[in-house]
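**Student:** got a predicted model here, sequence first, then my questions.
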Amino acid sequence: MTTKALRFPDLLFYAASMALSIRWISSAAAAGPSSLPFWLFAVLVFSLPLILATGELTARFPQEGGVYAWTREAFGPFWGFLCGWLYWTCNLPFFSGMLYFMVNLLAAALGPLGRPLLDQPLLFMAVALLISAAVGVFHLMGLGSGKWLSNLGGASNLALFAILIPVGGLVALGQGTATDFVHANYMPPLNANTAILWATMVFAVGGSEALAFLRNDVQGGMRTILAVLAVVLLMQVISYVLGTASMLAILSPQDATRLSGLPDALIAGLKRLGLGQFAPWVLMTAFLGGLGSYSAWFGVAARLPFAAGIDDFLPAAFGRRDVRTGAPTVAIAVQMAIVAVIVILSQAGDTLKGAYDFLVAMSVLSYALPFLFLFAVMIAIQSRPFPADSWRAPGGRAMALFIGWGGLLGTITAVVCTLVPSPDAADQIGEVIKLVVASACLILSGAGAYVLARFRPAPAASRD
């Protein structure tokens, strides 16, 4: 496909779908006002290094595959494949969770008409599968078609924050805040809940690295990508900090449970302003935001088996694009099938649900591991000659090393924090063991897949 499908607005909405999430505001609000400086800290020590590293690495490596390609070029094919495997597989259970989140929002937005979705598990599952299939079909039609779901979702995410912030401000001005900001303690306590919150925030401010997967489909190339990355940083500061503060103006930390979510705060705020009739529209906007996030991540994730197919780690069919749409059809179709299986497992009996829970546990820790590779690559390539026509993070080699080591340290702390069990867990030691074993299984399965690829007979003829 010669035409580049993504313009600046398209890429910006992609970024709003992947690097902003409505779900994490409630987790931060549940921690109280101390989460506000914590958001700034997460942006400073993780998101900023990630954005700068993404810009430099995207400019240095034009190949398909983002962090997978970077790691392969820096450390060799095994580590590249393992990094890509972890990045891809940790997204698959996440897709199932996103689908259920969306169906719940859809049911709430439809009011009484949506009640059967919550009362009938088979109908709930069928709608989740239908949404997943529809997104997959859009991406099979090519990035030019698939981008519209991400555009709609990104715009919806921005709209939600644009509603929440003034609603919270109006509630605070007219009726006072539900949270005492003046006498609050802004120092996060050193306990398990803070550790869990930090891991959550790192996950929330991540996502900018995914723009690299779209590098060769962007009009304006690196100039457009760098401009969008700069806007992402600003969006995260405004949306997460002011969004959490607005939610705390509407709800107290005790009421702002991790499960209540941003839509609940919006509904409560609208009702207090006498605008409760608009609540279903807000819920539908939240649904569209989730749909766009799902679509954006689905499309990006499918590019990993596509890149692995190009490198002959997967069968050659994975590395082919449709000549008309440019879509990696086999990679998308296989991903659609795997997501469908995980969705069905999640609604199955206790034995199969145990398998699903294990898959989810494997993704909890593994989502942070590819960032270890990313920042390690940033450090490693500083010993190589710097291309004269490539973009470099401000400050030269010294700053690039600082970015790499700083980001690596931030990622390590997030990985350690994912091992901290919830205070509500009945068997806390068992929870830690489960996470370690699950992640070890995921790593070993990636190593096994790599070995199998090496023993697979080479194709008879080279690919076009």
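**Tutor:** It's in. Residues are numbered from 1 along each chain as shown.
**Student:** what residue ranges in the chain score low on pLDDT?
**Tutor:** Residue ranges of the chain with pLDDT under 70: 1-4, 144-146, 256-262, 346-364, 422, 424-426, 456-464.
**Student:** cutoff 50 now
**Tutor:** Along the chain, segments meeting pLDDT under 50 span 1-2, 461-464.
**Student:** what number of residues lie near Leu122?
**Tutor:** By the other CB atoms under 10 Å criterion, the neighbourhood of Leu122 contains 8 residues. In this view, the C-beta of every residue, glycine as well, is placed from N, C-alpha and C.
**Student:** same check on Val167?
**Tutor:** Neighbours of Val167 under the rule other CB under 10 Å: 24.
**Student:** phi, psi for it please.
**Tutor:** phi -60, psi -50 (degrees, to the nearest 10).
**Student:** Phe402: what's it in contact with?
**Tutor:** Applying CB atoms under 8 Å, 6 or more residues apart in numbering, one finds that Phe402 lies in contact with Gly395.
**Student:** for the closest residue to Ala453 other than its chain neighbours, what are phi and psi?
**Tutor:** Counting by CB to CB, 6 or more residues apart in numbering, Phe313 is the residue found nearest to Ala453 once chain neighbours are left out, at 4.3 Å. According to degrees, to the nearest 10, the main-chain angles of Phe313 amount to phi -80, psi -20.
**Student:** surely Phe313 and Phe455 touch.
**Tutor:** No: because the distance of 11.7 Å does not satisfy CB atoms under 8 Å, Phe313 is recorded as not touching Phe455.
**Student:** neighbour count winner among these two?
**Tutor:** Just comparing Phe313 and Phe455: by other CB under 10 Å the higher neighbour count belongs to Phe313, 25 against 6.
**Student:** measure Ala398 to Leu374 for me?
**Tutor:** 19 Å (CB to CB, to the nearest Å).
**Student:** need the residues that contact stretch 185-195.
**Tutor:** With CB under 8 Å, 6+ apart as the test, stretch 185-195 has contacts from 31-38, 197, 416-417, 420-423.
**Student:** are any of those residues buried, and which?
**Tutor:** Buried members of these, scored by 16 or more other CB atoms under 10 Å, are 31-36, 38, 197, 417, 420-421.
**Student:** including secondary structure, could the residues you listed go into TSV?
**Tutor:** Output for the buried ones among the contacts of stretch 185-195, formatted as TSV (DSSP: H, G, I helix; E, B strand; the rest coil):
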residue	secondary structure
Ala31	coil
Gly32	coil
Pro33	coil
Ser34	coil
Ser35	helix
Leu36	helix
Phe38	helix
Leu197	helix
Cys417	helix
Val420	coil
Pro421	coil
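**Student:** redo these as CSV? Include distance to Leu345.
**Tutor:** Conversion of those to CSV gives the following (distance: CB to CB, whole Å):
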residue, distance to Leu345
Ala31, 32
Gly32, 36
Pro33, 40
Ser34, 38
Ser35, 34
Leu36, 38
Phe38, 35
Leu197, 29
Cys417, 28
Val420, 27
Pro421, 24
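**Student:** tell me the helices in the stretch 351-464 of the chain, going along the chain?
**Tutor:** Across the stretch 351-464 of the chain, reading from the start of the chain, the helices by DSSP state H, counting those that start in this stretch fall at 369-380, 396-418, 428-455.
**Student:** packing partners of the first one?
**Tutor:** Packing contacts for helix 369-380, counted by 3 or more CB pairs under 8 Å, 6 or more residues apart in numbering; DSSP states H and E, involve helix 48-60, helix 67-75, helix 77-89, helix 396-418.
**Student:** next, the angle from it to helix 396-418.
**Tutor:** Using axes from the mean of the first three to the mean of the last three CA atoms, to 10 degrees, one finds that helix 369-380 and helix 396-418 are set 160 degrees apart in direction.
**Student:** residues making contact with helix 369-380?
**Tutor:** The contact list for helix 369-380, computed with CB under 8 Å, 6+ apart, reads 49-50, 53-54, 56-57, 67, 70-71, 73-75, 79, 83, 86-87, 90, 206, 209, 400-401, 403-405, 407-408, 411-412, 414-415, 439, 443.
**Student:** and those, which of them are buried?
**Tutor:** Restricting the contacts of helix 369-380 to buried positions leaves 49-50, 53-54, 56-57, 67, 70-71, 73-75, 79, 83, 86-87, 90, 206, 209, 400, 403-404, 407-408, 411, 414-415, 439, 443, with burial counted as 16+ other CB under 10 Å.
**Student:** list the contacts of stretch 124-143.
**Tutor:** For stretch 124-143, the surrounding residues in contact (CB under 8 Å, 6+ apart) are 1, 5-6, 95-96, 99-100, 102-103, 106, 117-118, 145-146, 148-149, 214, 217, 291, 294-295, 298-299, 302, 322, 324-327, 329, 332-333, 335-336, 339-340, 343-344, 347.
**Student:** name the residues of it that are buried.
**Tutor:** For stretch 124-143, the neighbour count (16+ other CB under 10 Å) marks 124-125, 127-129, 131-132, 135-136, 138-140, 142-143 as buried.
**Student:** just curious, which of those is nearest to Leu251?
**Tutor:** Phe124 (27.1 Å; CB to CB).
**Student:** and the contacts of stretch 124-143, which are buried?
**Tutor:** When neighbours are counted using 16+ other CB under 10 Å, the contacts of stretch 124-143 contain these buried positions: 1, 5-6, 95-96, 99-100, 102-103, 106, 117, 146, 149, 214, 217, 291, 294-295, 298-299, 302, 325-327, 329, 332-333, 335-336, 339-340, 343, 347.
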